[in-house]
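K.L.:
requesting a structural model of the entry that follows:
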Amino acid sequence: MPIRTSVLAGLRRAGAAGRRRWVRRAVLAGVIGAALLVTGAWASTSWIRSGAEGRTYTAETVPETPVALVLGTRVQPDGTPAPFLTARLEIARELYAAGKVQAILVSGDNMRHEYNEPEAMQRWLVDRGVPADKIVLDYAGFDTYDSCARAKRIFGVERATMVTQQFHLARAVTVCRRRRRRRRRRR
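P.N.:
Sure, this is the predicted structure:
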């Protein structure tokens, strides 16, 4: 019996040491994971800020460009623009009225027949005095990258004023600029 007791005690000690080792490893892995997450978030934020630096403006300070590119977002079930989209459209309307842009490209989702961001945006702008022939509709602007790529490739836009919310603007500008640089390198 004493041998069995000492063997069992040794196994218990080994089991406790193994559990402590696994706990230490799990804590270390958690700390490393959190550090990587923070570093990744910092790096992506820095990339976005540097890509948009000197290229974001208010409606009052924006330079003249040929086109305002309005990025789509949610449309209400009744077909009217949701508040975020309405704010974007109002800025585009103001830019057009002030002569800062000559045309407005509205880019949004029309993946389903019953959901149509570009036509809702066009209706809103026309109802507020923007001539229909000054509004171009992009029905396949499913995300920021698609909208930027299609503005250049499909609609021939070389320079544009991006219209979106402040929280989205730096990211949108950086994504569009990155798309342009990558395309230039391929040539």
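
K.L.:
tally of neighbours for Gly33?
P.N.:
The local packing of Gly33 (other Cβ atoms under 10 Å) involves 10 other residues. For glycine as for every other residue, the C-beta is placed from the backbone atoms N, C-alpha and C.

K.L.:
show me the strands in the protein, by range?
P.N.:
Taking DSSP state E as the criterion, the chain contains strands spanning 67-71, 103-107, 135-138, 160-163.

K.L.:
ok, for Leu137, nearest residue in space, not its chain neighbours?
P.N.:
Pro118 (4.0 Å; Cβ to Cβ, 6 or more residues apart in numbering).

K.L.:
residue contacts, that neighbour?
P.N.:
Gly72, Val106, Ser107, Gly108, Asn110, Leu137, Asp138, Tyr139, Gly141 (Cβ atoms under 8 Å, 6 or more residues apart in numbering).

K.L.:
what of Ala59?
P.N.:
Taking Cβ under 8 Å, 6+ apart, one finds Ile91, Glu94, Leu95 in contact with Ala59.

K.L.:
now for the first one, how many residues are close by?
P.N.:
The tally of other residues near Ile91 (other Cβ under 10 Å) stands at 19.

K.L.:
now it: how far from Lys134?
P.N.:
According to Cβ to Cβ, to the nearest Å, Ile91 and Lys134 sit 15 Å apart.

K.L.:
okay but Tyr57 is in contact with Pro63, surely?
P.N.:
Yes: with contact defined as Cβ atoms under 8 Å, Tyr57 counts as touching Pro63 (7.2 Å).

K.L.:
these two: which is more packed in?
P.N.:
Tyr57 (13 against 8).

K.L.:
how close does that one get to Thr161?
P.N.:
In terms of Cβ to Cβ, Tyr57 sits 8 Å off from Thr161.

K.L.:
give the residues shared as contacts by those two.
P.N.:
Pro63.
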